[in-house]
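Colleague: just a sequence and a predicted model for now, questions to come.
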Amino acid sequence: MIYDVIVVGSGPGGAVAAATLAEKGKSVLLIDRQEFPRDKVCGDGLPGNVMRMLVNQLGIDVPKEKFIHQQIYGISIQAPYGGALVVEEHANTTYSMVSPRYYFDNVLHQYALKQGAKFEVMDVAGPLMGKNGSSDTVVGIVERKGKTTVEHEARVVIAADGASSAIARALRGRVSDSVDTALAIRAYAHTKNPQDKKPIVYFKYLTNLVPGYAWVFPAGENRVNIGLGLFDQEVYRKRGESLKELLQQFIDENSAEGWEVEPGTMKSWPIPVWLDNETRVFKGAYLVGDAGRFVDALTGGGIYPAMITGRLAAQSTIKFLEGAPRAEVEALYDAGWRGGIAKDLNKAKMVQQWVASKPLIFNGIFGFAAMAPSLRGWLLHSLAGQHT
Ligand SMILES: Cc1cc2nc3c(=O)[nH]c(=O)nc-3n(C[C@H](O)[C@H](O)[C@H](O)COP(=O)(O)OP(=O)(O)OC[C@H]3O[C@@H](n4cnc5c(N)ncnc54)[C@H](O)[C@@H]3O)c2cc1C
């Protein structure tokens, strides 16, 4: 069978792409190498724009889905000198939340299946190449099955296979280079001191971590997601400490919190962060989410960018399947994210380079912001991405 579309990866990017296509009656094979529900190494922070997309664009009824999530009522950002600024969120129906990806991704995955996408567990080795006129084009994917391979054909392939994307590596040569790859580690811990009824998320730009930060996100049920995002690999390579050692140090320094780390949950994963505006369509295949390096270079937030690029890639593909020329719809995809999320991703990159990487400037701006409410709002929103 030749599918209209094969979507590789059923994280937020792939699930939203598959759901959007299936909803319009296209035949979609959604592939992941893992069964769902599955864990994904993440801070689990879901800013308000994720909720707005769930509710307003996908029509997902969050209370009805009953998945485990913690509503967030504010953010606290700590500068390297130790001072912290806090902003409260005014609760409404599309609040920010923290939801372990084990639950959240499964909601999106099940939603894609409900719209009519077919799901298969497969390990994708790379794209299947063929000819479109005289040019090489992706015409499907190659499945790795033990010592053999199996070919699966489709008119379009959407690669949403994350930071280790086999499709991006084959077509672009890499997902990201060390200059645009952050490293992050997270652990779940039980806390003896749960926050009060209105929990907030903590971003701590500690002197020994900048341009990275530590986070503490309440994950519901007296659990916290604690982690470190390290945005300059050179800095950490020189120090010679492993990510696990650094996270353990942070946990030990905060022993008053009474965190009990759940065994086996301290895990790290790379984050391919935003760098440039180059095309994300290669030989007819669309790169979305982490596979396309759509991650905020300051916060490491990539769930919303994955969902929105999944949606945009699907919308362009629908136009192609309904007769629009290939080159035109590919350009439409690039124009869609360039005109949409690129502005925020570029701003985050700039703040990362000029504020978050320079402790003295960071502290200076912070001190000034403590006295100027309008600057304080701008700074907090810039540093926390769309977390409010
Ligand atoms: C420690 C850490 C903390 C983070 N914290 C946050 C946060 O708090 N908020 C936020 O917004 N973002 C956060 N991020 C980033 C966020 O996790 C990613 O940007 C987001 O998951 C990208 O979604 P995606 O759909 O592109 O890819 P993924 O969610 O990675 O999904 C890719 C899917 O593809 C599948 N796959 C991969 N290779 C293959 C293959 N060869 N064959 C078949 N299937 C395959 C995988 O099994 C997976 O299910 C964090 C990242 C890390 C590492």
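Modeller: Here it is on my side, so go on. Numbers count the residues shown, from 1 in each chain.
Colleague: gap between the residue nearest the centre of the chain and the ligand?
Modeller: Among the residues of the chain, the one closest to the centroid is residue 302, at 2.3 Å (CA atoms, centre = their mean). Residue 302 sits 2 Å away from the ligand, going by CB to the nearest ligand atom, to the nearest Å. Backbone N, C-alpha and C define where each C-beta goes, glycine included.
Colleague: OK, contacts around that residue?
Modeller: For residue 302, the contact set (CB atoms under 8 Å, 6 or more residues apart in numbering) comprises 271, 289-290, 294-296.
Colleague: quick one, phi/psi of it?
Modeller: Dihedral pair for residue 302: phi -130, psi 0, per degrees, to the nearest 10.
Colleague: ok, now residue 233?
Modeller: Here residue 233 shows phi and psi, under degrees, to the nearest 10, equal to phi -60, psi -30.
Colleague: that one touches residue 181, doesn't it?
Modeller: Yes - counting by CB atoms under 8 Å, residue 181 is a contact partner of residue 233 at 6.8 Å.
Colleague: of those two, who's got more company?
Modeller: residue 181 (19 against 15; other CB atoms under 10 Å).
Colleague: please tell me how far the spatially closest residue to residue 114 that is not a sequence neighbour sits from the ligand.
Modeller: In this structure, residue 114 finds its nearest non-sequential neighbour in residue 19, 7.9 Å apart by CB to CB, 6 or more residues apart in numbering. Residue 19 is 13 Å from the ligand, where distance means CB to the nearest ligand atom.
Colleague: again, but for residue 63
Modeller: From residue 63 to the ligand the distance is 22 Å (CB to the nearest ligand atom).
Colleague: repeat for residue 132
Modeller: Between residue 132 and the ligand the distance, using CB to the nearest ligand atom, works out to 24 Å.
Colleague: what do you get for residue 327?
Modeller: In terms of CB to the nearest ligand atom, residue 327 sits 25 Å off from the ligand.
Colleague: surely residue 182 is in a helix?
Modeller: No - secondary structure of residue 182 (DSSP: H, G, I helix; E, B strand; the rest coil): strand, not part of a helix.
Colleague: residues in contact with it?
Modeller: Listed by CB under 8 Å, 6+ apart, the contact set of residue 182 reads 212, 229-231, 233, 270-271, 273, 295, 297, 300.
Colleague: again with residue 383
Modeller: If a contact means CB under 8 Å, 6+ apart, then residue 383 has 77, 203, 205, 298-299, 351, 355-356 as its contacts.
Colleague: which helix runs longest in this protein?
Modeller: Criterion DSSP state H: the longest helix present in the chain is helix 303-321.
Colleague: just the buried residues from the contacts of residue 383, in PyMOL please.
Modeller: Listed next is the PyMOL selection for buried residues among the contacts of residue 383, using 16 or more other CB atoms under 10 Å:
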select buried, resi 77+203+205+298+299+351+355+356
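Colleague: and of the contacts of residue 383, the nearest to residue 49?
Modeller: Nearest to residue 49 among those is residue 299, at 12.6 Å by CB to CB.
Colleague: pretty sure the closest one is in a strand, no?
Modeller: No - Residue 299 is assigned coil when assessed by three-state DSSP, not a strand.
Colleague: so which of the contacts of residue 383 are in strands?
Modeller: 77, 203 (DSSP state E).
Colleague: quick one: the contacts of residue 383 as TSV, columns for pLDDT and distance to residue 32 too.
Modeller: Listed next are the contacts of residue 383 as TSV, based on pLDDT from 0 to 100; distance: CB to CB, whole Å:
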residue	pLDDT	distance to residue 32
77	90	35
203	93	30
205	91	35
298	89	29
299	91	26
351	86	34
355	81	37
356	78	33
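Colleague: need the contacts of residue 383 in a markdown table (columns: distance to residue 30).
Modeller: Output for those, formatted as a markdown table (distance: CB to CB, whole Å):
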| residue | distance to residue 30 |
| --- | --- |
| 77 | 37 |
| 203 | 34 |
| 205 | 38 |
| 298 | 31 |
| 299 | 28 |
| 351 | 35 |
| 355 | 40 |
| 356 | 36 |
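Colleague: distance to the ligand added to the contacts of residue 383, as TSV?
Modeller: As requested, these are exported to TSV (distance: CB to the nearest ligand atom, whole Å):
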residue	distance to the ligand
77	14
203	10
205	16
298	12
299	7
351	17
355	20
356	16
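Colleague: output the below-cut-off pLDDT ranges for this protein.
Modeller: Along the chain, the parts satisfying pLDDT under 70 run over 91, 384-388.
Colleague: list the contacts for residue 56?
Modeller: residue 94.
Colleague: what about it, which SS state?
Modeller: Under three-state DSSP, residue 56 falls in the helix class.
Colleague: thought residue 113 was touching residue 120?
Modeller: No - in this structure, residue 113 is not within contact of residue 120 by CB under 8 Å, at 11.4 Å.
Colleague: the more surrounded of those two?
Modeller: Per other CB under 10 Å, whichever of residue 113 and residue 120 has more neighbours is residue 113, with 17 against 11.
Colleague: secondary structure element holding that one?
Modeller: Using DSSP states H and E, residue 113 sits within helix 101-115.
Colleague: from the contacts of residue 302, which ones fall inside helices?
Modeller: The members of the contacts of residue 302 all map outside helices under DSSP H.
Colleague: the ligand contacts on the stretch 251-388 of the chain?
Modeller: 269, 271, 289-291, 295, 300-303, 306 (CB under 6 Å from any ligand atom).
Colleague: okay, the residues you listed in JSON lines with distance to residue 32 next?
Modeller: Conversion of those to JSON lines gives the following (distance: CB to CB, whole Å):
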{"residue": "269", "distance to residue 32": "16"}
{"residue": "271", "distance to residue 32": "19"}
{"residue": "289", "distance to residue 32": "13"}
{"residue": "290", "distance to residue 32": "14"}
{"residue": "291", "distance to residue 32": "13"}
{"residue": "295", "distance to residue 32": "20"}
{"residue": "300", "distance to residue 32": "22"}
{"residue": "301", "distance to residue 32": "22"}
{"residue": "302", "distance to residue 32": "17"}
{"residue": "303", "distance to residue 32": "16"}
{"residue": "306", "distance to residue 32": "14"}
